[in-house]
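K.L.:
Fold the following for me, if possible:
(one chain, ligands or ions: 1)
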Amino acid sequence: MAFPEHRARRLRDHPVLRRMVAETDLSPRRLIQPLFVKETLTRPAPIASMPGQRQWPVAGIADEARRVAEAGVQAVLLFGIPAEKDAVGTQASAPDGVVPRAIAAIKQAAPDLAVIADICLCEYTDHGHCGVLGQAAGRTTVDNDATLERLAAAAVASARAGADAVAPSDMMDGRVGAIRDALDAGDLAHVPIFSYAVKYASHFYGPFRDAAESPPAFGDRRGYQMDPANTDEALREAADDLDEGADVLIIKPALAYGDVIRRVKETFGVPVAAYSVSGEYAMVEAAAERGWIDREAVVREVLLALRRAGADLLITYWAAEVAGKL
Ligand code: PBG
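P.N.:
Numbers count the residues shown, from 1 in each chain. You can find the predicted model right below:
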């Protein structure tokens, strides 16, 4: 059938029918709100490069989590900023560390809110890299295998404190398997792993490094995070993590990586989460502040685009705001 029998505008031009035939939508159950908790704070601190977002004190995180839950969001992703940093990120696995304490507080205030603990060392090391350092071929680099036990210990500490899931974001090889083994050995076989399987070495993380106080003191993360030029490699990373026991695959960044989201979702058919990162948030907020874009409309369009690309779940700094309006 061709024009004039076929008219694509017929369904578009009717507001009710247009909504009925929409292929994708946003729903609060799809949204995950990242939260930053900082051990040395006594009151919330704004994050300059992420307008509207704050670092929370341990004493205030539960109230914020309750607010997020009341908006309709069902899960938060927790990042901790410890009082003390050292070479091996000791505080990342401390049972009374900032994240375990925050988890306990949130679980008490909002028992139905799922708490996902981000697992990485960069917030906890004094050099800001995502693992412990070593030497290879005369260069200082992150020692992959020595890092695995640190990550596994951090995951166990968060899970023991009540985390509903752990999300390793370090990009070491073999860390999903190491974490799975440690959880299973610790009577925590029921705790799922949301693996940042496909994490690119991206310049879109800039504002996050202010928020999490985790910039690398030297060099960059290209020795462990992925090259933005690659997508076949994304499939290999995803396959490895699934073999090692990952339950959900996270892809990040999101907005410029819709092709990767689509390929991973179509190849593996497992739950996929897209992380709309700090730089994506900051770009939209900055343009909106200048009056150059319609903020709310653009936020929805961005999140809808990620769902359309194939993401089941969206990790976004806009989660609570958007859920509250849906
Ligand atoms: C650290 C981590 C980063 C992000 C999440 N976990 C930053 C990095 O790898 O440097 C970025 C999130 C964002 O930009 O919103 N492991």
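K.L.:
And stretch 137-153, end to end?
P.N.:
28 Å (Cα to Cα, to the nearest Å).
K.L.:
what does that stretch contact?
P.N.:
Stretch 137-153 is contacted from outside by 88-89, 92-93, 119-121, 129-136, 168, 170, 172-175, 178-179, 181-182, 218, 223-224, using Cβ atoms under 8 Å, 6 or more residues apart in numbering. (C-beta placed from N, C-alpha, C; glycine too.)
K.L.:
If any of these are buried, put those into a ChimeraX selection.
P.N.:
Once 16 or more other Cβ atoms under 10 Å is used to decide burial, the buried members of those can be selected in ChimeraX as follows:
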select :88,89,92,93,119,120,121,129,130,131,132,133,168,170,172,175,178,179,182,223,224
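K.L.:
ok, the closest residue to Leu235 other than its chain neighbours to Arg236 distance?
P.N.:
Nearest in space to Leu235, with sequence neighbours left out and distances taken as Cβ to Cβ, 6 or more residues apart in numbering, is Thr267 at 5.7 Å. Separation of Thr267 from Arg236 (Cβ to Cβ, to the nearest Å): 11 Å.
K.L.:
Repeat that for Ala8.
P.N.:
In terms of Cβ to Cβ, Ala8 sits 40 Å off from Arg236.
K.L.:
Quick one: residues contacting Leu326.
P.N.:
Contacts for Leu326 were tallied using Cβ under 8 Å, 6+ apart; they are 26-28, 72.
K.L.:
Using TSV, lay out those residues together with neighbour count.
P.N.:
Shown next, in TSV, are these (neighbours: other Cβ atoms under 10 Å):
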residue	neighbour count
Leu26	18
Ser27	10
Pro28	16
Gly72	17
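K.L.:
Among the contacts of stretch 137-153, which lie within strands?
P.N.:
Residues of the contacts of stretch 137-153 located in strands (DSSP state E): 119, 133-136, 168.
K.L.:
Next, give me the two most distant ones among those.
P.N.:
Using Cβ to Cβ, the ones in strands among the contacts of stretch 137-153 span at most 24.9 Å, a distance reached by Ile119 and Gln135.
K.L.:
Near the closest residue to Asp220 other than its chain neighbours, how many other residues are there?
P.N.:
For Asp220, the nearest residue in space outside its immediate sequence neighbours is Ala201; the separation is 6.7 Å by Cβ to Cβ, 6+ apart. Counted by other Cβ atoms under 10 Å, the residues lying close to Ala201 total 15.
K.L.:
State the mean pLDDT of stretch 184-191.
P.N.:
Looking at stretch 184-191 alone, the average pLDDT works out to 98.
K.L.:
Any idea how far that stretch is from the middle of the chain?
P.N.:
In terms of Cα atoms, centre = their mean, to the nearest Å, the centre of stretch 184-191 is found 22 Å from the chain centre.
K.L.:
Let's have the contacts of Leu326 in a markdown table, adding distance to Pro46 and secondary structure.
P.N.:
Putting the contacts of Leu326 into a markdown table (distance: Cβ to Cβ, whole Å; DSSP: H, G, I helix; E, B strand; the rest coil) gives the following:
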| residue | distance to Pro46 | secondary structure |
| --- | --- | --- |
| Leu26 | 27 | coil |
| Ser27 | 29 | coil |
| Pro28 | 25 | helix |
| Gly72 | 24 | coil |
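K.L.:
Please consider this matter closed, and thank you.
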